[in-house]
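Trainee: everything below, folded, please.
(chains A and B)
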Amino acid sequence: MTTPLVEITSLSVTYSREGRSSAAVTDLSLRIAPGETVAIVGESGSGKSTTANALLGLLAAGGRVTGGTIRVGGVDTTRASQRVLRGIRGRVIGLVPQDPMVALNPTLRVGPQVAEAVRRRGGVPKRSVNAEVLEALEAAGLDNVVLRARQYPHELSGGMRQRVLIASALAGHPQLIVADEPTSALDVTVQKRILDHLASLVASRGISLLIITHDLGVAADRADRVLVMQGGRVVEQGRPADILVSPAKEYTRRLIAAAPGLSPDGRVKVRHAAGSAAPVGSAARRGAAVPLEAAASRAPILSIVGVSKDYRLPRSPDGERTFRAIDSVTLDVPTGQTLALVGESGSGKTTTLRVALGLEKPTAGRVLFDGTDITDTRWSELRPLRQRFQLVHQNPYSSLDPKFTVGQSIIEPLVSFGIGDRVSRRARLRELLDQVALPAAFADRRPAELSGGQRQRVAIARALSVKPDLVFLDEPVSALDVSVQEQILTLLASLQNELGVSYLFISHDLAVVAQIAHRVAVLNRGAVVEHGVTADVFTSPQSPYTRALLDAIPGRARSLPPSLPPHLRIESAKFAGVSGRHPQTSPSGFRG
Amino acid sequence: MFARYISGRVLQAVLVLWAAYTVTFVVLYLLPSDPVQLLLAAGNIDVTQISPDQLAALKHQYGVDQPVYLQYVNQLFEFVRGNFGESITKNVPVAQLLAQRLPSTLVLGASAVLLTIVLGVGTASLAVFAKVGWLRTVLSRLPAIGVSLPPFFVGLLLIQVFAFQLKWFPASGDSGAASVVLPAVMMAIPTAALLAQVLTRSLEDALDEPYVVTARAKGLSRSGIQWRHAFRNAALPALTLLGLLLGSALAEAVVAETIFTRNGIGKLAQESVLQQDVPVVQAIVVIAAALFVSINLIIDLIYPLLDPRIVRGHSVI
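Mentor: Numbers count the residues shown, from 1 in each chain, chains lettered A, B, ... in the order given. This next block holds a predicted model:
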């Protein structure tokens, strides 16, 4: 066996803050051989990022290695000086950080930021630095590299920024690249392209790759070996094929269940195919006909009819320009059911939501809420109607006032609409907390004391407080860990059964939508490209764009019998235990 | 894009100047009773002693017999031409008074500003970047003391120690470079402390940013990260504050020139307000506003050099 590039032996890391210390990683051992791809999977707080940071000697303030050793290329770096660590960073281990939107210096052009990594390598003649920068940018899959090098980070899309960060990591010619949740802030199709590209790069250059992720699907698609972490400990490790087929721990099973693309037969589960969670199949679809037709006979709670919205762009030499954000969008939210609106950033889903909420006047088209035309209603006239439709925001970390207690937040809509008195509001608060499965004692807590999932439950309770007929869910789970996503989606579904509330569910992720939506509409560049019953959209997507979205769901294998349509391929290859790397699709075709 | 940014800023600066002039005009000419009575009182003449004809002639001489809007327009026109009128108490053109007093104040102001920047940026940088732990602690606590000391107290303390006891610098007057030192130090201490507080905070925040982690992961040196990545990003809020502090330097010059008996604009402003010398006060206010506006204009023009996002907006992809 070759000597491992990285050898971590019973590593323990502790964070101490204000005299209290807590263990972040306990007794972790890990070896990475040259050319190997390893993935560490776990929820937030499982210690996976701490492990990666310890490897680079970049533990956050208060973090300390309290036991074990880290050896990089045979050298003990556990208590090494900054000088030694600086020699390793960039040149032996490159990092592709978590959130590309904030991981580049906004005040420096892209080229110089990559050039820093080139220069650190040493021995590069001054005149060839520029050429090396362009080469790295090109290798990372960027086009028009001369222009890109001169641009500032804010002029690039998220996918392009992530490619710049990959270029910086590559520019140091490292032997190992650590990718810390490299794509969780990106759209699914961009995420897939970038991960595929990164995987093919390391494969062709013989670089080792350490992927840190909360999504077992992402890990299973690309890693030779997977470590599952929980509470700072490795609870399970092995080849993805083995772990997926026979997970030894309940926790791993939960992670598998939570990764939408990893259901045991390799298909995406569609909850509302027959009113219950069942894999898509022809029998299920026959069963689905009845409830869906029953719903069709009732008038939709919200109708968006031929809505277009133009935005004015800054004036240019050729005069006034406009940008059409959405183009003749027509949607119905069936009463008592869920319509999912799926699209990537820039697809127009947020504009559609703002028009439907009456926050933005459409350029053309009508919006009907329960038969009432609300398109041109003035703010004051719309206000009584607002009681009947509520919104749950994407990010539960910023949508709750940190100074309000949970109880104050939840009853705020009641106070605002002047509903009930102190006693009846208290009673309603208890009822709502119970409905979203939070203990009554949470009423006096503040958001900072709550986890992300708990906060989102509070936001849902707040939206439900005025007993709305329709709730807009704007990416309600995309800021949460996969396993927490699952719980929130289940809660939303059971609340719908119980209260008969309708949902307009906005998401960039088709997999999430499958578990909750009755109908799905797919938006691309401002137009609806697909609209239908969820089961139909997943089994026989009409538009190539929908197919691309379905293929991008993590955990879906790519090398399968061509006889099956791509979205229905059973992941036989993975389960037969393919060792080594999956065949790569051509990276040259991918552009973030 | 850049030309549009600049022309917008310049237009804004002109508007602010005009607004400052207008507000002063309204306050000085319309709020106190009768300008001519003010003029006579300033000359120690009782209104009852002069005839209505003389009063009318006086009113005509100072242009106050015209309707208010005409006075306003005429005077604005004169100000734009650089004619600030004549001082009532000193019987010399205001422009001449300003030319005598302004240089001393400008030298004092510029020295204080320079000292503010050096002390403020130096303290903040050391408080964040110093390798010695206790030095960081001491320097990060220091600005809080500087902010809470009243300037006149600092001034008296400086005179007591450096002028009377050590006899290093003169205690008063405005002759020679040595006389600038103590008042400049007095003016710089509170502003530098405020600047250091803001800059320390934003440097600490910048060092926590994810792009600094990216830079560290590239293996960059400590100083490379600190100056290239952290300082540039942290400088913006400090720069905004610096603009505001410099603008108010004239107000502090009044205190400094009083304590150190220097014959500058600050002293002139104080005298003119006490003697109700309206034209002089009006001219000083406009000069102060012009200083404030031009300093902030310069800072607005520096911004895009530090942060490209201000001029180069988000591209639509």
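Trainee: for the rest of this, base every contact and every neighbour count on C-alpha atoms.
Mentor: Fine.
Trainee: OK, contacts around the closest residue to residue A:187 other than its chain neighbours?
Mentor: Nearest residue to residue A:187, sequence neighbours excluded (CA to CA, 6 or more residues apart in numbering or on different chains): residue A:344, at 5.8 Å. With contacts taken as CA atoms under 8 Å, 6 or more residues apart in numbering or on different chains, residue A:344 has the following neighbours: A:187-188, A:508, A:523-524.
Trainee: just residue B:257 next, same as before
Mentor: Counting by CA under 8 Å, 6+ apart, residue B:257 has contacts B:183, B:263-264, B:266-267.
Trainee: among these, which ones are in helices?
Mentor: When the contacts of residue B:257 are checked against helices (DSSP state H), the matches are B:183, B:266-267.
Trainee: pipe the residues you listed into TSV and attach neighbour count and distance to chain A per row.
Mentor: Shown next, in TSV, are the ones in helices among the contacts of residue B:257 (neighbours: other CA atoms under 10 Å in any protein chain shown; distance: CA to the nearest CA, whole Å):
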residue	neighbour count	distance to chain A
B:183	29	37
B:266	24	40
B:267	20	43
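Trainee: outline the domain layout of chain A.
Mentor: A:6-262, A:275-312+A:321-388+A:469-576, A:399-467 (automatic domain parsing).
Trainee: just name the most buried of those domains.
Mentor: Mean neighbours per residue, mean count of other CA atoms under 10 Å in any protein chain shown, is largest over the domains of chain A for domain A:6-262, with a mean of 21.
Trainee: show me where chain B has helices.
Mentor: Along chain B, counting by DSSP H, helices occupy B:2-25, B:35-42, B:52-61, B:68-80, B:94-129, B:133-148, B:151-158, B:178-207, B:210-217, B:222-224, B:232-247, B:249-259, B:265-274, B:278-306.
Trainee: tell me the spacing between the residue nearest to residue B:182 when sequence neighbours are not counted and residue B:113.
Mentor: Using CA to CA, 6+ apart and skipping the chain neighbours, the partner closest in space to residue B:182 is residue B:158 (6.6 Å). Here residue B:158 is placed at a distance of 18 Å from residue B:113 (CA to CA, to the nearest Å).
Trainee: now residue B:8
Mentor: Separation of residue B:8 from residue B:113 (CA to CA): 27 Å.
Trainee: what of residue A:63?
Mentor: Residue A:63 is 41 Å from residue B:113, where distance means CA to CA.
Trainee: follow-up on the earlier one: looking at residue B:8 and residue B:113, which is more packed in?
Mentor: Neighbours per residue (other CA atoms under 10 Å in any protein chain shown) separate residue B:8 from residue B:113, with residue B:113 holding more: 22 against 11.
Trainee: surely the more buried one touches residue B:244?
Mentor: No: using CA atoms under 8 Å, residue B:113 makes no contact with residue B:244, being 11.8 Å away.
Trainee: below-threshold pLDDT in the stretch 1-150 of chain B: ranges please.
Mentor: B:1, B:30-39, B:41-47, B:62-64 (pLDDT under 70).
Trainee: interface residues of chain B facing chain A?
Mentor: B:209-214, B:216-221, B:229, B:232-233, B:306-309, B:313-315, B:317 (CA under 8 Å from any CA of the partner chain).
Trainee: which among the residues you listed end up buried?
Mentor: Among the residues of chain B next to chain A, the ones that count as buried by 16 or more other CA atoms under 10 Å in any protein chain shown are B:209-214, B:216-220, B:229, B:232-233, B:306-309.
Trainee: now for chain A, the helix or strand with the poorest mean pLDDT.
Mentor: Among the helices and strands of chain A, helix A:572-575 carries the lowest confidence by mean pLDDT, DSSP states H and E, at a mean of 34.
Trainee: now secondary structure and pLDDT too, for the contacts of residue A:344, in JSON lines please.
Mentor: Output for those, formatted as JSON lines (DSSP: H, G, I helix; E, B strand; the rest coil; pLDDT from 0 to 100):
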{"residue": "A:187", "secondary structure": "coil", "pLDDT": "73"}
{"residue": "A:188", "secondary structure": "helix", "pLDDT": "74"}
{"residue": "A:508", "secondary structure": "coil", "pLDDT": "84"}
{"residue": "A:523", "secondary structure": "strand", "pLDDT": "91"}
{"residue": "A:524", "secondary structure": "strand", "pLDDT": "89"}
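Trainee: make CSV from those residues and add distance to residue A:517 to it.
Mentor: Formatted as CSV, the contacts of residue A:344 follow (distance: CA to CA, whole Å):
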residue, distance to residue A:517
A:187, 20
A:188, 19
A:508, 13
A:523, 15
A:524, 19
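Trainee: which element is the residue nearest to residue A:331 when sequence neighbours are not counted on?
Mentor: What sits nearest to residue A:331 in space, not counting adjacent residues and going by CA to CA, 6+ apart, is residue A:304, at 5.0 Å. Counting by DSSP states H and E, the element that carries residue A:304 is strand A:302-312.
Trainee: now residue A:364: how far from chain B?
Mentor: 23 Å (CA to the nearest CA, to the nearest Å).
Trainee: same deal with residue A:423?
Mentor: Distance, residue A:423 to chain B, by CA to the nearest CA: 45 Å.
Trainee: check residue A:8 too.
Mentor: For residue A:8, the distance to chain B - CA to the nearest CA - is 19 Å.
Trainee: who does that residue form a beta bridge with?
Mentor: Beta-bridge pairing of residue A:8 under DSSP bridges involves residue A:30, residue A:70.
Trainee: run through the stretch 201-317 of chain B and note the low-pLDDT ranges.
Mentor: B:311-317.
Trainee: residue A:59 and residue A:49 touch, don't they?
Mentor: No: Residue A:59 is not in contact with residue A:49 according to CA under 8 Å; the separation is 9.4 Å.
Trainee: quick check, pLDDT for residue 175.
Mentor: Using chain A. Per-residue confidence (pLDDT) for residue A:175: 91.
Trainee: was after chain B, sorry
Mentor: Reading off the confidence values, residue B:175 has pLDDT 75.
Trainee: what about it, neighbour count?
Mentor: Neighbour tally, residue B:175, other CA under 10 Å: 11.
Trainee: swap in the one 4 residues further on?
Mentor: When counting by other CA under 10 Å, one arrives at 18 neighbours for residue B:179.
Trainee: if I look at it, how far off is residue A:80?
Mentor: Residue B:179 sits 54 Å away from residue A:80, going by CA to CA.
Trainee: kindly report the same for residue B:220.
Mentor: Residue B:220 is 16 Å from residue A:80, where distance means CA to CA.
Trainee: got the buried residues for stretch B:149-165?
Mentor: B:151-152, B:154-156, B:158-159, B:162-163.
Trainee: distance between that stretch and the chain's centre?
Mentor: Stretch B:149-165 sits 22 Å away from the centroid of its parent chain (CA atoms, centre = their mean, to the nearest Å).
Trainee: contacts for that stretch, please.
Mentor: Taking CA under 8 Å, 6+ apart as the criterion, the residues outside stretch B:149-165 that touch it are B:168-171, B:182-183, B:186-187, B:189-190, B:255-256, B:259.
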